[in-house]
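1. Curious how this folds, go ahead:
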Amino acid sequence: MANRPPRTLLEQRIRQRCMTYEEFVQHAEAFARDNHEPGTLSLRHLQRLVSGQTHSSLRPATARLLERLLGEPIVALLAPPKAVADEGENPADELRRLLDAARRVDRWTITLLHQQLDAIRRLDRQLGAVVVRDELNTKIRQVQRLAAHSLAPGSREPLAGLLSEMHTLAGWQALDLGDVPNSWQHYEHARSAAAQSESISHESHAAAEQAFVLIDAGATGDAVDLLDGARRRADATTPRILRAWLTAAQGEALAAHGDRTASLRAFDRAAELLPSDTADERPYVALDAVHLARWRGHTLAHFGDPDATAVLTDALAQLDPSFVRAETALRVDLATALAANGHRDEARTHADHAARLATQVGSARQRRRITTLLAAVC
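-> Residues are numbered from 1 along each chain as shown. Okay, the predicted model is just below:
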């Protein structure tokens, strides 16, 4: 059997390590244990994977384990290995290999890539960009290559939509890390990919997220205009949760621009649009009644409204604890509201807690806010 050509790159990599399948499974288990990876790999599952039987039973955690263990994207590992190039290789061979890889993208592949992105999102919101940005950038390069060489009808558009989602997440990570120019570029790439996806939802979302870069840069009027255009572009085919998110985002831009009345009116409209059950909606926006309340609380705190403390305290009590970066921002807003009402000791407690969380997730954006706040509280 060793004389048979390897059917997949995964099989080739195992042979290069001079391992049996049983030894590789043991090696994978040890790697997962030592690196705190949740993925598992059984002998039977490995045998199916090396044979090229790609199916929906491959969990994102297992795919991530194999990618980290072997240093190759899962799509490449489950594909036939590349032929060894010799000195006389035709330069067009690389293009043909890329075209062949893109041709193998099917519905299952796109579903798996979405699942991997969702896993990165969960890690990002809990552990911060410092932990997952390298993995996300690797995924972006992988999907860029597939999208650029995809010729099959029905494949290029979903890949472009996925790429737009990846760039918007990378843009938000860069903004949180304080890298404003890189954040802007990611959103430019997100908007270009969204246009190729022919998805109004992706186009509206990418443009709206880019508006937050403008807010941080002080161009609040431009941010309001960009969000207004994104909201108007979203039509009845756009999921309600995204329309609610776009309206709430415009509310935050209006608050930054100093228009309290229009901002609160936008949050009222967002509450009307928000579906009662968001479980089946696309995950690239995180919005429910609790997140909407913390956004409204941010606006109230920004304007020194006495109702801000109650709104933010209630939101903090109900917030999913996995949203660590969101909790950081919420505590900064709550400390701001408390300080405005003369509760300086409580404000300092929440500000100190927010500072610890900001350090854990590497949020330069929130650390700047905390520094300004503590200077006012002390």
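2. what's the neighbour count on Arg141?
-> Burial of Arg141 is recorded as 11 neighbouring residues (other Cβ atoms under 10 Å). Glycine gets a C-beta too; all of them are placed from N, C-alpha and C.
3. ok, it to His189 distance?
-> 12 Å (Cβ to Cβ, to the nearest Å).
4. Next: His353.
-> From His353 across to His189, the span is 35 Å (Cβ to Cβ).
5. More neighbours: which of these two?
-> His189 (20 against 16).
6. if I pick the more buried one, what's in contact with it?
-> Each residue near His189 by Cβ atoms under 8 Å, 6 or more residues apart in numbering is listed here: 163, 167.
7. Report the mean per-residue pLDDT for the host helix or strand of it.
-> Assigned by DSSP states H and E, His189 belongs to helix 180-197. Per-region confidence: helix 180-197 scores 95 on mean pLDDT.
8. Which other helices and strands does the next helix or strand after it contact?
-> Per DSSP H and E, the first helix or strand lying C-terminal to helix 180-197 is helix 200-216. Packing partners of helix 200-216 (3 or more Cβ pairs under 8 Å, 6 or more residues apart in numbering; DSSP states H and E): helix 156-176, helix 180-197, helix 220-233, helix 240-256.
9. Off-centre distance for the longest one?
-> It stands for helix 156-176. 7 Å (Cα atoms, centre = their mean, to the nearest Å).
10. again, but for the third one
-> Counting by Cα atoms, centre = their mean, helix 220-233 is centred 22 Å from the centre of its parent chain.
11. now swap in the second one and tell me
-> Taking the mean of its C-alpha atoms, helix 180-197 sits 14 Å from the chain's own mean (Cα atoms, centre = their mean).
12. Just the buried positions in it, please.
-> The neighbour-count check on helix 180-197 (16 or more other Cβ atoms under 10 Å) flags 183-187, 189-191, 193-194, 196-197 as buried.
13. now do the third one
-> By neighbour count with 16+ other Cβ under 10 Å, helix 220-233 contains the buried residues 220, 222-224, 226-228, 230-231.
14. roughly how far apart are Leu46 and Gly362?
-> Counting by Cβ to Cβ - Leu46 and Gly362 are separated by 36 Å.
15. Please disregard the earlier target; I meant Ser263.
-> 29 Å.
16. of those two, who's got more company?
-> Between Ser263 and Gly362, Ser263 has the larger neighbour count (other Cβ under 10 Å), namely 26 against 20.
17. how about low-confidence regions in the stretch 51-200 of the chain?
-> Within the stretch 51-200 of the chain, the stretches with pLDDT under 70 are 54-57, 83-91.
18. Go again with 90.
-> Applying pLDDT under 90 to the stretch 51-200 of the chain picks out residues 51-65, 67-113, 115-116, 119, 129-135, 137-139, 141-142, 145-146, 148-155, 198.
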